[in-house]
Structure formats: C-alpha cells, structure tokens
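> Please find the sequence and the predicted model below.
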Amino acid sequence: MSMHKNGFYVPDESDEQFLVDSPKDAKVFTVPFSPLEQRIKNEQPDLFPALSSLKEKIGEDAFLKHFSTIQSIKRNETTVMLITSTAMQRTTIEANYLPAIQAAFNVEYVRTVCL
C-alpha cells in the first residue's frame with residue numbers, strides 16, 4: 001500500500017506503474033562507491049594535484065581516515081567546498097584541517113557541507 005505524507009506520494013512494491021520489466025528499462029541504478037582520489041583523478045583531474053598536496057601535508061593515515069570518503073569537491077578562484085557524508089566528518093575536517101586545505105588548494109575559504 002502506498003503512503004501519502006505531506007503531499008508527497010511514496011510508491012511501494014505493489015505500485016505496478018513504477019515497476020520495470022527488465023534492468024535495461026531501469027532509470028535508476030547504483031554505482032559502487034570509490035575512494036576520493038580515484039574519483040577526482042578520473043572526473044576532475046585539474047583538482048588532483050591539490051588533493052595530492054593535501055595528502056602530503058596531513059599524512060596518508062589522516063587523509064584515508066578523514067578525506068577518502070568525501071562525496072565531492074568543488075572549487076572556484078577563492079573557495080573550495082567539500083561535501084561530506086556525515087556531520088562528524090565535517091566537524092573533524094573543520095576542527096583540524098582548514099589551514100592545510102587552504103594551502104593545498106590555494107584558496108582563501110573552505111566550506112564544508114554535510115549531505
């Protein structure tokens with residue numbers, strides 16, 4: 001049975017109109033999560049040198065623990081934005097790594113956002 005909540009319609013398995021006959025008809029799919037370095041190297045190679053510099057500045061252990069699961073990085077002339085998975089990750093980065101991030105990405109401001 002489907003549920004209506006606050007004006008939103010939430011389909012469930014019994015809603016035939018939302019079922020697909022085969023995987024080729026599916027419009028939503030999942031992609032395995034890959035480490036930040038790999039994604040940046042493939043998708044945003046212009047940011048890879050800055051990311052490598054950050055890893056060098058803070059050390060491999062800290063980088064793997066606190067940065068490898070970051071969802072995304074965006075950068076403009078003055079600001080770098082890190083999109084984190086959890087509020088704890090955001091807080092840890094803000095408390096410990098802002099100067100290193102600023103230096104590595106050569107920006108004035110670091111913004112962290114938790115999704």
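Thanks, I have it. Residues are numbered from 1 along each chain as shown.
> Which helix or which strand is home to Q89?
helix 87-96 (DSSP states H and E).
> how much space between the most centrally placed residue in the chain and T112?
By C-alpha atoms, centre = their mean, the chain has its centre lying nearest to Q71, at 0.8 Å. Counting by C-beta to C-beta, to the nearest Å, the gap from Q71 to T112 is 11 Å. Where you see a C-beta, it was placed from the backbone N, CA and C, and this is true even at glycine.
> One more: P35?
18 Å.
> higher neighbour count, the two?
T112 (20 against 13; other C-beta atoms under 10 Å).
> Quick check, pLDDT for the more buried one.
Predicted confidence (pLDDT) at T112: the value is 95.
> in the sheet, who's paired with it?
L82 (DSSP bridges).
> Quick check: it touching M81?
Yes. If you go by C-beta atoms under 8 Å, T112 and M81 touch, sitting 7.5 Å apart.
> what residue ranges in the protein score low on pLDDT?
1-31 (pLDDT under 70).
> Now the common contact residues for Q71 and T112.
Taking C-beta atoms under 8 Å, 6 or more residues apart in numbering as the contact rule, Q71 and T112 both touch 83-84.
> burial measure for L98, as a count.
13.
> wait, K41
Using other C-beta under 10 Å, K41 is surrounded by 15 other residues.
> For burial, what's the neighbour tally of K65?
If we define neighbours as other C-beta under 10 Å, then K65 has 13 of them.
> Work out for me the element it sits within.
K65 belongs to helix 60-66, assigned by DSSP H and E.
> Enumerate the positions of that helix that are buried.
62-63, 66 (16 or more other C-beta atoms under 10 Å).
> likewise stretch 107-115?
107, 110, 112.
> do stretch 94-108 as well
97, 100-102, 104-105, 107.
> could you list every residue that touches I83?
The contact partners of I83, by C-beta under 8 Å, 6+ apart, come to 70-74, 112-115.
> ok, so of these, who is nearest T92?
Nearest to T92 among the contacts of I83: T112, at 9.7 Å, using C-beta to C-beta.
> Right, I'll call it a day here.
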